[in-house]
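J.: Curious how this folds, go ahead:
(chains A, B, C and D)
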2 protein chains.
Amino acid sequence: MPENGLKKKPKNLFNNFIVNIMPKETIIKNNNKLIKLLKQNSLSITDSRKKILQLFLDQDGALAHGDIEKRAGEKFDRVTIYRTLQVFVDKGIIHTIPTADNSIRYALCKDECGEGHHHDHHIHFVCDNCNTTYCLDDVVTPEIKLPKGYSAGHVEVVVEGICKNCKTPVP
Amino acid sequence: MPENGLKKKPKNLFNNFIVNIMPKETIIKNNNKLIKLLKQNSLSITDSRKKILQLFLDQDGALAHGDIEKRAGEKFDRVTIYRTLQVFVDKGIIHTIPTADNSIRYALCKDECGEGHHHDHHIHFVCDNCNTTYCLDDVVTPEIKLPKGYSAGHVEVVVEGICKNCKTPVP
DNA sequence: TGAAAAAAGCAACATTGTTGCAAAAGATAA
DNA sequence: TTATCTTTTGCAACAATGTTGCTTTTTTCA
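T.: Numbering: from 1, shown residues only, chains lettered A, B, ... in the order given. Purely as a prediction, here's the structure:
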């Protein structure tokens, strides 16, 4: 048996350590949060899932596949990102936001979303200036009165305008 | 000069004839409507524009690029369809409908849309069963109260559910 | 009808998304 | 800790969807 000089990564020991003892350092706390979230959804802990989830946690707005590809630092295969996003959507960790420009955006679910069903009753806001997409969690979707014969399921509201960061103050 | 046996199509004489004299036959009336609409928007009258516009007029719901490609009868180049749709959007003849599945849908504008600006205040309905997209022209978008700092421009509402045609009657 | 302008068609390319499979990494239990 | 099974990743190849430049055809208009 070889001595202490590690040749390979210490496998999952580190992860277990974090989850069990809750250390104080920020980086570890952060890591812990990610792992907890993944475990809660009975997903195995992998680098790509942690990294992608981290991107969402670090981010106020929503992310498109392309954004993730750029920000992940060229580390992951495109296919992995597609599959990871799909898994997150299936598990109810993130949800999709419809857009008029053929680029699906994803954002963290803050309500209680479970596997197979999303409960997002908030509206979405896309800034015309910076193009950021926000989930306005405090603004609920209104009741829509439909014509006879139609029955409503999910209602999606997307508002375009100027966001709080791009608003030019009155001089 | 050759005698009466036509070698080439009679060019645009037919179109001018239609627009000027307003004949009675349905097919020509229909053609007339198309041409009128194109002329109103100062677009030149071409086969692809007429055909694609016809598809929209024949259709209750919205069409995606792919639908048009299929229904046009393999007659037009894909590029022509892309460019035609783009022109129609620019002129305010059709508008786009955001979806959550990365396929832009287009529908005729029924309000007064002009070049560069659309005035669609109706909501859109996507049937979970037949996947048809409808413009519910009689249902206007509700007022949305945004958090401090956000200012609203356009509001887009998409409702998912069961449409009038797919509704199963009570036994 | 003929010339200028506009649009269509074609080819080539770019982007985005999907699938099957072998290799690598994670989970699990002795 | 290690052996083993399972899951995930990366790769390659492919499919679908959009885009751009250029030539040919069609439309418009004088």
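
J.: Spell out which residues of chain A are next to chain B.
T.: A:96-104, A:123, A:125, A:128, A:136, A:138-139, A:142, A:144-164, A:167 (C-beta under 8 Å from any C-beta of the partner chain). Yep, even glycine has a C-beta here, placed from its N, CA and C like the rest.

J.: Throw together a ChimeraX command that grabs the buried residues out of the residues you listed.
T.: Per 16 or more other C-beta atoms under 10 Å in any protein chain shown, the buried members of these correspond to this ChimeraX selection:
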select /A:96,97,98,99,100,104,123,125,136,139,144,146,150,154,155,156,157,158,159,160,161,162,163
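
J.: and DNA strand D, which of the residues of chain A next to chain B reach it?
T.: The subset of the residues of chain A next to chain B within reach of DNA strand D, by C-beta under 7 Å from any atom of the strand, is residue A:102.

J.: Not counting its neighbours along the chain, what's nearest the residue most central in space within chain A?
T.: Nearest residue to the geometric centre of chain A (C-alpha atoms, centre = their mean): residue A:108, 3.6 Å. Closest residue to residue A:108 apart from its sequence neighbours, by C-beta to C-beta, 6 or more residues apart in numbering or on different chains: residue A:56 at 4.9 Å.

J.: Repeat that for residue A:101.
T.: residue B:104 (7.6 Å).

J.: Pull up the per-residue confidence for the one you found.
T.: For residue B:104, the pLDDT comes out at 87.

J.: Same check on residue A:43?
T.: Reported pLDDT for residue A:43: 96.

J.: So it belongs to a strand, correct?
T.: No - Residue A:43 sits outside any strand when classified using DSSP: H, G, I helix; E, B strand; the rest coil, being coil.

J.: surely it meets residue A:49?
T.: Yes - using C-beta atoms under 8 Å, residue A:43 is in contact with residue A:49, at 6.4 Å.

J.: Compare the two (neighbour count), which wins?
T.: When residue A:43 and residue A:49 are compared for neighbours, residue A:49 comes out ahead with 22 against 17, by other C-beta atoms under 10 Å in any protein chain shown.

J.: Local confidence estimate at the more buried one?
T.: As predicted, residue A:49 sits at a pLDDT of 96.

J.: Distance check, it against chain B.
T.: 23 Å (C-beta to the nearest C-beta, to the nearest Å).

J.: neighbouring contacts of the helix or strand in which that residue is found?
T.: Taking DSSP states H and E as the criterion, residue A:49 maps to helix A:47-57. For helix A:47-57, contacts defined as C-beta atoms under 8 Å, 6 or more residues apart in numbering or on different chains pick out A:30-31, A:33-35, A:37-38, A:43, A:63, A:68, A:71-72, A:75-76, A:80-81, A:84-85, A:87-88, A:93-94, A:106-108.

J.: go again using 7 Å as the cut-off
T.: A:34, A:37-38, A:43, A:63, A:68, A:71-72, A:76, A:80-81, A:84, A:94, A:108 (C-beta atoms under 7 Å, 6 or more residues apart in numbering or on different chains).

J.: What ranges does chain A have for its strands?
T.: A:63-64, A:94-97, A:105-108, A:122-127, A:133-140, A:151-162 (DSSP state E).

J.: The first one close to DNA strand D?
T.: No - under the criterion of C-beta under 7 Å from any atom of the strand, DNA strand D is not reached by strand A:63-64; the shortest gap measures 14.2 Å.

J.: From the contact counts, what lies against that strand?
T.: With contacts defined as 3 or more C-beta pairs under 7 Å, 6 or more residues apart in numbering or on different chains; DSSP states H and E, strand A:63-64 has these neighbours: strand A:105-108.

J.: Could you list every helix and strand in contact with the strand it packs on?
T.: strand A:63-64, strand A:94-97.

J.: do that again at 10 Å, thanks
T.: The elements that strand A:105-108 packs onto, with contact taken as 3 or more C-beta pairs under 10 Å, 6 or more residues apart in numbering or on different chains; DSSP states H and E, are helix A:47-57, strand A:63-64, helix A:65-71, helix A:78-91, strand A:94-97, strand A:122-127, strand A:133-140.
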